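In: let me see the structure of the following:
(chains A and B)
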Amino acid sequence: EAQVTQNPRYLITVTGKKLTVTCSQNMNHEYMSWYRQDPGLGLRQIYYSMNVEVTDKGDVPEGYKVSRKEKRNFPLILESPSPNQTSLYFCASKSGTSGAYTQYFGPGTRLTVL
Amino acid sequence: AQTVTQSQPEMSVQEAETVTLSCTYDTSENNYYLFWYKQPPSRQMILVIRQEAYKQQNATENRFSVNFQKAAKSFSLKISDSQLGDTAMYFCAFMKFFGNEKLTFGTGTRLTIIP
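Out: Sure thing, here's the model as predicted:
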């Protein structure tokens, strides 16, 4: 089954404790990205990757890091989380084939930073 | 930069009725996609319908259809014969044909179908 998986699904942590949210896709997609969803703001892009070892900032990258060492994985790293990073996070992937338009979303990760 | 505006934070409608959700956008691009995504209480993002900007014909998917007005930069979603399972948050989104594949989302409309 084609899917994007994220772990953990729920996480409560404290300010300053480094954490990683994993994202993996089994569709051999070139493009992957991270979004955060906040009430009244919709979803906003944090970082994206066009392929292995190619990453770039989205609209709200402050406080986040990413890496793309393998095509299937795109972890999101919060090195020193703060309460304003409490949010719902989505990973998405998409084929790089010309004309491909569908982005496949993971199930979301609810993060609370105390 | 692109912006997407959804001016209806919440809507409700009786089951089996028709409802229209509004979306406007701003862009200087000529080639792009527009989407409506559904987010039920499970939080999963589900693609409902898409429209390519170069196509004049409005997209339809079963009970879902859009009214795409390119000159007015308007992209509304019509849900016919609404069902309880349509209760969800609906997001309008924009994506350029070429670029970083970013989806630019509106702020969402929370739709409740009343039995």
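In: which bits of chain B sit near chain A?
Out: Contact residues (CB under 8 Å from any CB of the partner chain) of chain B with chain A: B:4, B:33, B:42-45, B:47, B:50, B:52, B:91, B:95, B:100-103, B:105-108. Heads up, the C-betas are built off the backbone N, CA and C, glycines and all.
In: helices along chain A, start to end?
Out: Ranges of helices within chain A: none, based on DSSP state H.
In: sorry, back to before: now, of the residues of chain B next to chain A, which are buried?
Out: B:4, B:33, B:43, B:45, B:47, B:50, B:91, B:95, B:101-103, B:105-108 (16 or more other CB atoms under 10 Å in any protein chain shown).
In: from those, which land in helices?
Out: Among those, no member falls in helices (DSSP H).
In: and the two most separated of the residues you listed?
Out: Farthest pair in those (CB to CB) is B:Y33 and B:R43. Separation: 23.0 Å.
In: show me what contacts B:T87?
Out: For B:T87, the contacting residues are B:P40, B:P41, B:L111, B:T112, B:I113, by CB atoms under 8 Å, 6 or more residues apart in numbering or on different chains.
In: neighbours of the last one, just the number please.
Out: Applying other CB atoms under 10 Å in any protein chain shown, we find 20 other residues in the vicinity of B:I113.
In: bridge partners for it, pull those for me.
Out: Taking DSSP bridges, one finds B:V13 as the beta-bridge partners of B:I113.
In: hmm, it is touching B:A88, no?
Out: No. Using CB atoms under 8 Å, B:I113 is not in contact with B:A88, being 9.1 Å away.
In: common neighbours of those two, please.
Out: With CB under 8 Å, 6+ apart, B:I113 and B:A88 have no common neighbours.
In: just checking, B:G106 touches B:Q8?
Out: No. Using CB under 8 Å, B:G106 is not in contact with B:Q8, being 10.0 Å away.
In: for the residue nearest to B:N100 when sequence neighbours are not counted, what are its contacts?
Out: For B:N100, ignoring the flanking residues on the chain, the nearest one in space by CB to CB, 6 or more residues apart in numbering or on different chains is A:Y48 at 5.5 Å. Neighbouring residues of A:Y48 by CB under 8 Å, 6+ apart: A:Y31, A:M32, A:S33, A:W34, A:T55, A:D56, A:G58, B:N100, B:E101, B:K102.
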